[in-house]
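>>> for reference, the sequence and a predicted model appear below.
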Amino acid sequence: CLATLIIMLVGDTYTLINYVSFINYLCYGVTIIGLIVLRWKKPKIFRPIKVNLLISIAYLAFWAFLLIFSLYSEPVVCGVGLIIILTGVPVFFLGVYWRNKPKCVNRLIESVTCWGQKLCFVVYPQGGAAEED
């Protein structure tokens with residue numbers, strides 16, 4: 001979010017749309033790859049919707065074409081899109097991977113989460129109960 005705000009202040013909206021579209025292509029492709037891998041490694045798990053693998057493989061072929069074409073035609077935009085994605089790596093290591101955090105860090109993360117939830121009307125804070133209308 002912070003990287004997006006900085007880009008919006010520095011660049012134009014067209015460039016931001018290009019960054020986001022490349023990130024979307026990349027995430028969609030990774031999702032389809034995950035679907036195919038799970039179908040091969042765990043074929044017996046419950047799936048509410050089962051998609052034919054030929055559709056997934058065809059989608060993956062079109063995805064690869066779009067991604068390679070994007071990398072060829074606008075490598076700088078794709079590079080910045082990758083950098084935007086990689087800004088989440090430190091957040092993952094600080095927030096998820098690091099298990100034995102000091103209590104002050106946990107309190108800070110919880111307060112930022114609660115503040116963000118209240119600001120965006122996402123969910124009720126963990127400590128409070130939901131009021132019924």
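Received it, and whenever you're ready, just let me know what you need.

>>> could you pick out the longest helix of this protein?
helix 13-41 (DSSP state H).

>>> which elements pack onto that one?
Secondary-structure packing of helix 13-41 (3 or more C-beta pairs under 8 Å, 6 or more residues apart in numbering; DSSP states H and E): helix 2-10, helix 53-73, helix 75-86. Backbone N, C-alpha and C define where each C-beta goes, glycine included.

>>> burial count for Arg39?
15 (other C-beta atoms under 10 Å).

>>> surely it meets Leu54?
No. Counting by C-beta atoms under 8 Å, Arg39 does not reach Leu54; the two are 11.6 Å apart.

>>> out of the helices and strands packed on helix 13-41, which is closest to Ile109?
When the helices and strands packed on helix 13-41 are ranked by distance to Ile109, counting by C-beta to C-beta, first place goes to helix 2-10 at 15.8 Å.
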